[in-house]
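Asks: build the 3D model from these lines:
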Amino acid sequence: MSNGYFRRVGAVRPSHLMFTAGVGALIDLPNFSVLVQGLEPWSHTGLTDYVIDEPRLRAAVNRSLQLYGREQVTELRSAPWDEAADNAKDWASQGVGVPVTPFPQWLRCTACNLLAPVDSEAFRFVNSNPRTPHEAKFVHDCTQGRRKPLAVAARFTLVCTAGHLDEFPYTPFVHGGGACPTAPRPLLRMKDHGGNQAANVTIECVGCGAKRNIRDAMGERGRRNLPACRGRHPHLGAFFEYNGCDREATLMVAGASNQWFPMTLSALALPPGENDKLAELVEERWEEVQRITSRDNYDLLSSVPSLSWLRDLDPDALITEVKSRAAALNGEAPTGDVRPADLLGPEWAVLSAERLPTATEDFALEAVPVPDTLKGLFSDVRQVERLREARALIGFTRLDAPDPESPSSEIATPVRLSRSGLGWVPASEVRGEGIFLRVRDDLMADWVSRMEKSPQMVAHREAFARFRTNRRSDRLTGPFDPMHGWPGERYLALHTLSHLLIRTIALECGYNSASLAERIYAGDETDPRTGILIYTAVPDSEGTLGGLVSLAEDPHFERIIRTALRNAAHCSSDPLCAERLPHAPADYLHGAACHICLFVSETTCERGNRFLDRRFLVPLGDEPDVVLTPAELLS
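Replies: Numbers count the residues shown, from 1 in each chain. Coordinates of the predicted model:
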């Protein structure tokens with residue numbers, strides 16, 4: 001914990017700090033909850049190898065931060081961690097880690113129902129054994145005997161769409177917005193009456209006897225009983241809006257799933273290309289090249305003996321890169337179409353290139369002959385013998401989840417991770433292996449041309465528009481296009497095929513399906529792609545044992561493909577599953593797909609088990625025209 005108290009109170013995996021509960025999120029510990037603090041108190045002093053070097057991801061992070069008007073970064077850092085601390089028996093080794101603070105800071109005694117803030121000295125913090133951080137707790141000395149009753153967090157908080165988080169105002173609430181007539185800081189009691197109602201909790205003032213049920217603060221009518229949002233960011237220890245916030249405060253239970261939504265980016269470490277090398281060179285030697293913004297400046301500086309290496313570079317490409325970096329460092333808004341960086345495009349170019357790249361420590365690609373019986377479906381099969389995936393956290397939202405497919409005006413307000421620019425953001429990395437498959441371009445192009453106006457695909461497109469319209473928050477304003485972000489016809493086919501293979505691979509080779517991940521390279525109308533990458537994505541030995549890449553070889557690969565297609569033709573939920581299409585008013589984003597036949601864990605699927613339909617790969621009745629797979633593979 002922070003505030004001068006450096007004792008370990010729990011542990012989480014690095015991926016947990018990226019996708020489940022990172023900066024600004026609440027983490028439930030066994031006996032109380034804590035809030036992950038902003039980046040200022042994070043300390044890497046005395047640690048080594050905490051910088052994650054991935055220039056392509058760093059550039060994408062800066063692009064996104066630039067879109068949101070945030071400061072640029074020069075580093076991606078893993079969470080501070082000392083391996084020796086896990087086995088240390090002394091307190092001195094326990095001070096390394098991610099700083100947190102108790103939140104909510106109002107606690108309730110489980111014996112006498114006393115409700116008081118943590119700084120009221122009514123409760124005592126107990127954390128006596130360095131080897132058992134999970135036993136850390138707050139207790140209340142209100143009973144006789146050695147075992148003191150536990151004090152738990154009072155679970156109610158206030159949030160708003162600007163990302164502010166605040167304590168629930170118990171004292172003003174119970175007194176109707178005023179103060180207690182008997183004491184400035186009266187004792188309160190919180191009584192949970194249980195029952196089958198959503199919330200039946202009474203707050204009582206011991207001093208004056210005033211009582212009020214928490215239901216008076218819930219719902220549309222209850223918001224009138226709440227104070228205005230104070231504009232507080234407790235993870236930063238700051239009020240960024242000193243004059244208050246103009247958005248409405250909303251009551252939220254501390255453990256609610258919409259209290260924190262991460263904004264993350266991920267990229268595979270690829271062999272450096274010419275553009276990447278130039279960008280890295282400009283970044284490393286910025287002091288020397290920052291004035292090269294014109295051809296005249298280039299000619300002048302390249303004539304200096306100490307800068308003669310400039311003559312080996314393309315002047316126009318160098319000038320463009322210098323101007324781009326200067327604009328980013330100055331926080332200037334990007335020109336042209338405002339979109340995040342394309343992280344999948346360079347990966348597709350490397351994975352599908354005719355000439356295999358030179359292997360590196362982080363990436364190794366090997367071509368495998370496509371079996372004759374599968375050449376009607378695939379044009380390339382490749383083993384990714386080594387890969388490294390880097391992931392970065394750039395911000396978060398509350399109440400409304402960010403939509404990476406939507407313009408910035410349609411998403412909730414992103415919250416910053418630090419009070420000021422520190423030059424780095426949290427990141428993590430995993431190493432593993434994978435299989436890359438490329439569906440034949442001509443096969444996919446013919447299928448898309450047939451499917452664009454088919455009743456089945458029209459039903460999926462209309463459902464997508466209903467999905468976005470129905471889930472667009474009333475709290476958000478600005479232009480809205482219900483079809484923005486539609487992934488396209490080829491994405492549905494590739495995504496469905498990917499899920500079929502993941503489920504089959506998990507059964508065939510013993511991999512846990514949750515340890516696999518997918519990247520779908522579908523592109524768009526201007527840049528069509530037809531690739532699938534299935535890879536291991538867990539930070540342990542299971543990700544690098546070689547068991548996955550071996551499945552791309554004969555005779556395993558053909559058996560897996562045929563097994564996957566054969567299994568797709570039947571589902572225990574048929575005919576209900578096989579007949580499913582999202583007709584109005586339904587707005588789900590899948591057709592013939594369910595937990596029995598296609599769904600995988602959410603850590604595996606890149607789109608939350610959406611955009612899936614078995615009928616596009618195998619015939620499920622009287623719809624043979626919609627099938628992508630060649631008939632000979634289905635015989």
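Asks: for this protein, which element, helix or strand, carries the lowest mean pLDDT?
Replies: helix 274-284 (a mean of 68; mean pLDDT, DSSP states H and E).
Asks: contacts only, for the residue nearest to Phe103 when sequence neighbours are not counted.
Replies: Distance criterion C-beta to C-beta, 6 or more residues apart in numbering; nearest residue to Phe103, sequence neighbours excluded, is Leu35 at 3.7 Å. Backbone N, C-alpha and C define where each C-beta goes, glycine included. Leu35 makes contact with 24-27, 100-103, 165, 234-235, according to C-beta atoms under 8 Å, 6 or more residues apart in numbering.
Asks: just the helices in the stretch 1-150 of the chain please.
Replies: Per DSSP state H, counting those that start in this stretch, the stretch 1-150 of the chain carries helices over the ranges 16-19, 55-67.
Asks: export stretch 146-162 as CSV, just CAs?
Replies: In CSV, the C-alpha atoms belonging to stretch 146-162 read as follows (Å, rounded to 0.1, in the frame of the first residue of the first chain):
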residue,chain,number,x,y,z
ARG,A,146,-8.4,-11.8,21.1
ARG,A,147,-10.2,-12.2,17.8
LYS,A,148,-11.4,-8.8,16.8
PRO,A,149,-14.3,-8.5,14.3
LEU,A,150,-13.4,-7.7,10.6
ALA,A,151,-14.1,-4.3,9.1
VAL,A,152,-15.0,-4.5,5.5
ALA,A,153,-15.3,-1.8,2.8
ALA,A,154,-18.6,0.0,2.5
ARG,A,155,-19.4,-0.9,-1.1
PHE,A,156,-21.1,2.3,-2.4
THR,A,157,-19.2,4.8,-4.5
LEU,A,158,-20.1,7.7,-6.9
VAL,A,159,-18.9,7.7,-10.5
CYS,A,160,-19.5,9.8,-13.7
THR,A,161,-18.9,9.4,-17.4
ALA,A,162,-15.9,11.7,-17.2
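Asks: elements contacting the helix or strand containing Val425?
Replies: In the assignment (DSSP states H and E), Val425 maps to strand 424-439. If you count contacts as 3 or more C-beta pairs under 8 Å, 6 or more residues apart in numbering; DSSP states H and E, strand 424-439 packs onto helix 16-19, strand 75-77, helix 344-352, strand 378-397, helix 489-509, strand 528-536.
Asks: give me the mean pLDDT for whichever strand or helix holds Leu301.
Replies: Taking DSSP H and E as the definition, one finds Leu301 inside helix 295-302. The average of the pLDDT scores along helix 295-302 is 86.
Asks: strands along the stretch 451-600 of the chain, start to end?
Replies: Using DSSP state E, counting those that start in this stretch, the strands of the stretch 451-600 of the chain run over residues 516-523, 528-536.
Asks: what comes up buried for the last one?
Replies: So the one you mean is strand 528-536. Neighbour-count burial for strand 528-536, counted by 16 or more other C-beta atoms under 10 Å, picks out 529-536.
Asks: ok, back up a step: for His590, which of the helices of the stretch 1-150 of the chain is the nearest?
Replies: Of all those, helix 16-19 sits nearest to His590, with 22.4 Å by C-beta to C-beta.
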